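Enquirer: Sequence isn't available, so here's the structure alone:
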Ligand code: PGA
């Protein structure tokens, strides 16, 4: 049985005090959640939000982690630094990082292995662009991202995968529930072929891309979809709590 996981990706939104206010509003709305509830916050918000979610069922995630243990990497943040504040999850390879910050499958792989070694749960993002979908390359693109990005992982069930079609992120355009289900099914099948079928059956795969309070029920009802990675709709407690409570 795969426990659903609903994670908010705040991206570069919310100062620490705004973040604290948001999780304080959110906490009482999600106490009955039957899924893992996570907020992935900007690094500088981590100490304050970590304190504010003590004694709640909200867990903490970061949006990136460096692959080196420590050293001369100006501006970067290590897994150990995240762990000290109780961070449990870390988004790796988000399409915005691939697009604007030179993230590649190779660096995704290095970050993922480092996060795992430190006991963090990576949320590894994969997804195709509009052009790739329209030219029939979706499966090929996902295959490469999975093969190269997840290389060397021993226990697949220690990671979460987020399938985020780039054309659906922040555009208000959601993949249909059938499209998302079918593509996540392909990802699971590929994981079974490249790793082991049993791990593939147990790994949690989220959908991300304009998931919101209105469409979450339909998406979450699909067999292959185990959760959501939510950008815009995670910035308002009432909206995000509706997604968390998708089964109510
Ligand atoms: P969105 O972002 O929900 O605003 O489309 C999702 C994401 O980028 O993780």
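Expert: The structure has been received and is ready for your questions. Just so we're clear, the structure is a prediction, and the values are computed from it rather than from any experiment.
Enquirer: tell me which element the closest residue to residue 234 other than its chain neighbours is part of?
Expert: In space, and not counting its chain neighbours, residue 234 is closest to residue 8: 2.8 Å by Cβ to Cβ, 6 or more residues apart in numbering. (C-beta placed from N, C-alpha, C; glycine too.) Using DSSP states H and E, residue 8 falls within strand 5-9.
Enquirer: What's the first helix or strand after that strand?
Expert: helix 16-26.
Enquirer: which residues are in contact with that next one?
Expert: Helix 16-26 is touched from outside by 10, 14, 39, 41-42, 44-45, 47-49, 51-53, 56, 58, 235, 237, 240-241, with contacts defined as Cβ atoms under 8 Å, 6 or more residues apart in numbering.
Enquirer: and what of stretch 236-245?
Expert: 6, 8, 22, 25-26, 29-30, 32-33, 35, 37, 211-213, 216, 228, 230, 233-234.
Enquirer: quick one: the helices in this protein?
Expert: With helices called from DSSP state H, the chain shows them at 16-26, 46-52, 79-84, 95-100, 105-117, 130-134, 138-149, 177-194, 197-202, 216-220, 237-244.
Enquirer: wait, which of the ones you listed is closest to the ligand?
Expert: Of all the helices of the chain, helix 95-100 sits nearest to the ligand, with 6.8 Å by Cβ to the nearest ligand atom.
Enquirer: Pick the most deeply packed of the helices of the chain.
Expert: Highest mean neighbour count among those (mean count of other Cβ atoms under 10 Å): helix 237-244, with a mean of 22.
Enquirer: can you give me the angle that helix makes with helix 16-26?
Expert: Orientation check (axes from the mean of the first three to the mean of the last three Cα atoms, to 10 degrees): helix 237-244 against helix 16-26 gives 60 degrees.
Enquirer: residues in contact with the closest residue in space to residue 222 that isn't next to it in sequence?
Expert: Counting by Cβ to Cβ, 6+ apart, residue 181 is the residue found nearest to residue 222 once chain neighbours are left out, at 3.9 Å. By Cβ under 8 Å, 6+ apart, residue 181 lies in contact with 222-225.
Enquirer: where does residue 181 land on pLDDT?
Expert: As predicted, residue 181 sits at a pLDDT of 98.
Enquirer: next one: residue 170
Expert: The model reports residue 170 with a pLDDT of 84.
Enquirer: OK, now which residue of this protein is nearest to the ligand?
Expert: residue 231 (2.3 Å).
Enquirer: Now for that residue: which residues touch it?
Expert: Per Cβ under 8 Å, 6+ apart, neighbours of residue 231: 8-9, 11, 169-170, 208.
Enquirer: again, but for residue 39
Expert: Residue 39 makes contact with 7-8, 10, 19, 22-23, 26, 49, 53, 58-61, 234, according to Cβ under 8 Å, 6+ apart.
Enquirer: related to what we said a few turns ago, now the buried members of the contacts of residue 231.
Expert: Neighbour counting by 16 or more other Cβ atoms under 10 Å classes 8-9, 11, 169, 208 among the contacts of residue 231 as buried.
Enquirer: Excluding sequence neighbours, find me the nearest residue to residue 82.
Expert: residue 62 is the one closest to residue 82 (Cβ to Cβ, 6+ apart), at 5.1 Å.
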